[in-house]
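Peer 1: next comes the sequence, and after it the predicted model I'd like to discuss.
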Amino acid sequence: MTVKFTPDPQLYPFESRWFDSSRGRVHYVDEGTGPPILLCHGNPTWSFLYRHIIVALRSRFRCVAPDYLGFGLSERPSGFGYKIDEHAQVIGEFVDHLGLEGYLTMGQDWGGPIGLAVGIERADRVRGVVLGNTWFWPADALATKAFSRVMSSPPMQYAILKRNFFVERLIPAGTEHRPSDAVMNHYRAVQPDAAARVGVAEMPKQILAAHPLLARLAQEVPAKLGAKPALLVWGMKDMAFRPGPSIPRMRKTFPDHVLVELPTAKHYIQEDAPDRIATAIVERFG
């Protein structure tokens, strides 16, 4: 199935583009010229999350932002499992299709593991790494494991699929200021019914189910990407990826890093501090 929604050009002033992957049709934006930066979103968001950052960077960077299958304006193909390794395979095809060379990879939430899984297979083509409020190792915190189990339970799966729980509850809870009705509608409209939300419902299960991939990333990210220049942009009020346990592990993995703390930002840092993030990217990589 395909979502029928036309974003407001005032909020999302980009041309929609399409890539026919081996698993389904991927929607993406490709704006600006200069060194490429691949912008990977998390759950339950889409390329819309990066809109302010793209506008701020596109005069100096080529900003490439895909929607994963099952998210945003991309297809919801039957027979696709929406597993993290499957998303990474599709985004890898996408990066190869565009021929991205010397690219920066940016990820937040599940965009971290997905973008890094793509990057370790193409390490010679990755120029640098931008990470914020994400991870790339097996879930070890009790709260994280509990979140995955609770969100995988039948009552919560019902709430996610039938009541759009992730959009209606977790986006407002994960932002410093509740997004405007117009912005919320851009997150709602691409998840119009239960059939469109299967990918969103799968991601919390994957916190535990993707253990094999995350265990591999824990080894291969330091080995293959750890020497790359890195930028860490961290929302310090995020309850999901608390700075205390997360930042030291990131700093150890990427010795050549710059850390930018976003003191009031919560989980969705691209909504809370886009200008600060864009400035940090320009200062680090521009």
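Peer 2: Sure thing, it's come through. Numbers count the residues shown, from 1 in each chain.

Peer 1: check residue 140 and give its pLDDT.
Peer 2: At residue 140, the model reports a pLDDT of 88.

Peer 1: which strand or helix spans residue 247?
Peer 2: Element membership of residue 247, judged by DSSP states H and E, is helix 243-253.

Peer 1: which other helices and strands does that helix contact?
Peer 2: Contacts defined by 3 or more CB pairs under 8 Å, 6 or more residues apart in numbering; DSSP states H and E place helix 243-253 against strand 230-235, strand 257-262. Just so you know, the C-beta spots here come from the backbone N, C-alpha and C atoms, and that holds for glycine as well.

Peer 1: ranking those strands by burial, who's on top?
Peer 2: Highest mean neighbour count of these: strand 230-235, a mean of 24 (counted as mean count of other CB atoms under 10 Å).

Peer 1: that one pairs with which strands, and in what direction?
Peer 2: strand 126-134 (parallel), strand 257-262 (parallel) (DSSP bridges).

Peer 1: quick revisit: what's the closest of the helices and strands packed on helix 243-253 to residue 133?
Peer 2: Across the helices and strands packed on helix 243-253, the minimum distance to residue 133, taken as CB to CB, is reached by strand 230-235, at 5.1 Å.

Peer 1: need the strands paired with strand 230-235 in JSON lines with mean pLDDT and distance to residue 268, can you?
Peer 2: Shown next, in JSON lines, are these (pLDDT from 0 to 100; distance: least, CB to CB, whole Å):
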{"stretch": "strand 126-134", "mean pLDDT": "98", "distance to residue 268": "8"}
{"stretch": "strand 257-262", "mean pLDDT": "98", "distance to residue 268": "11"}
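
Peer 1: so which of the ones you listed comes closest to residue 40?
Peer 2: Using CB to CB, the nearest of the strands paired with strand 230-235 to residue 40 is strand 126-134, at 9.1 Å.

Peer 1: how far is that closest one from where the chain is centred?
Peer 2: 11 Å (CA atoms, centre = their mean, to the nearest Å).

Peer 1: tell me what angle that strand forms with helix 243-253.
Peer 2: Put simply, strand 126-134 runs at 170 degrees to helix 243-253, going by axes from the mean of the first three to the mean of the last three CA atoms, to 10 degrees.

Peer 1: helix or strand next in line after strand 126-134, which one?
Peer 2: Past strand 126-134, the next helix or strand by DSSP H and E is helix 142-152.

Peer 1: quick one: mean pLDDT over the helix holding residue 247.
Peer 2: Per-residue scores along helix 243-253 average to 97.

Peer 1: stretch 152-161 too?
Peer 2: 98.

Peer 1: also stretch 36-49?
Peer 2: 98.

Peer 1: and stretch 92-109, by the same measure?
Peer 2: 98.

Peer 1: and it, what's buried?
Peer 2: Buried positions in stretch 92-109, judged by neighbour count with 16 or more other CB atoms under 10 Å: 92-95, 98, 100, 103-109.

Peer 1: next one: that stretch to chain centre, how far?
Peer 2: The answer for stretch 92-109 is 12 Å, by CA atoms, centre = their mean.

Peer 1: stretch 87-99 too?
Peer 2: Using CA atoms, centre = their mean, the offset of stretch 87-99 from its chain centre is 15 Å.

Peer 1: so what touches it?
Peer 2: Stretch 87-99 is contacted from outside by 19, 21-24, 26, 28, 30, 36, 38, 40, 64, 66, 68-69, 103, 110, 113-115, 117-118, 121-122, 125, 213, using CB atoms under 8 Å, 6 or more residues apart in numbering.
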